[in-house]
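Q: Sharing a sequence plus its predicted fold:
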Amino acid sequence: MNPDKRQSERLMVLMPDEEPVVVQLGSKQYFGRLVNLSMGGSLVSIPETNLYSEIGKTFSLSFSNEGKTFEVRGELIRVIGWYSAFHFSKLSPEESQQLSVKLGRMRAMSDMLCPGLT
């Protein structure tokens, strides 16, 4: 039995500086860097910010992909220091499509830079 509860493949970001994420809750905005991403969620590093008091709340996360920005909703499920883990649920077909495209680009880059890693 796999102890990892994830139901979808998780891809690590090879160049975090190239993967900005805007995390928003109401009027509060935080700027971070993507650490990893899957169809089920993401891990985001948000320096000098601890969102522990916001666990359980639903945020809007804005990702970039090939010069375009798209948004998904994610519930904050865990915070460790500056690292915040978000779970995606109830994705719209458009959100699922946009995540799939981004994951495909990330996978292709990973295969090109680190053959055999994914």
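A: Perfect, thanks for sending it. Model, not experiment: these values are computed from the prediction. Numbers count the residues shown, from 1 in each chain.

Q: which strand of the protein spans the most residues?
A: strand 68-80 (DSSP state E).

Q: Pull out the buried positions in stretch 21-35.
A: Buried residues in stretch 21-35, counting neighbours by 16 or more other Cβ atoms under 10 Å, are found at Val21, Val22, Val23, Tyr30, Gly32, Arg33, Leu34, Val35. In this view, the C-beta of every residue, glycine as well, is placed from N, C-alpha and C.

Q: what's the most distant pair in those?
A: Largest separation among those by Cβ to Cβ: Val22 and Val35, giving 15.1 Å.

Q: Note down every partner strand of the longest strand of the chain and its orientation.
A: strand 58-65 (antiparallel), strand 83-87 (antiparallel) (DSSP bridges).

Q: Now do the buried residues in it.
A: Phe70, Val72, Arg73, Gly74, Glu75, Leu76, Val79.

Q: Which strand residues bridge the fourth one?
A: When you say that, I think you mean Gly74. Beta-bridge pairing for Gly74 (DSSP bridges): Phe59.

Q: pretty sure it is touching Leu61, no?
A: Yes - the pair Gly74 / Leu61 is scored as a contact, 5.3 Å apart, by Cβ atoms under 8 Å.

Q: Pull up the overlap in contacts between the two.
A: Ser42, Phe86 (Cβ atoms under 8 Å, 6 or more residues apart in numbering).

Q: and the residue most central in space within the chain, what helix or strand is that in?
A: Using Cα atoms, centre = their mean, the residue of the chain that lies closest to the mean C-alpha position is Ser42, 3.0 Å off. Per DSSP states H and E, Ser42 falls inside strand 41-45.

Q: helices or strands up against that strand?
A: Applying 3 or more Cβ pairs under 8 Å, 6 or more residues apart in numbering; DSSP states H and E, one finds that strand 41-45 makes contact with strand 20-25, strand 28-38, strand 68-80, strand 83-87.
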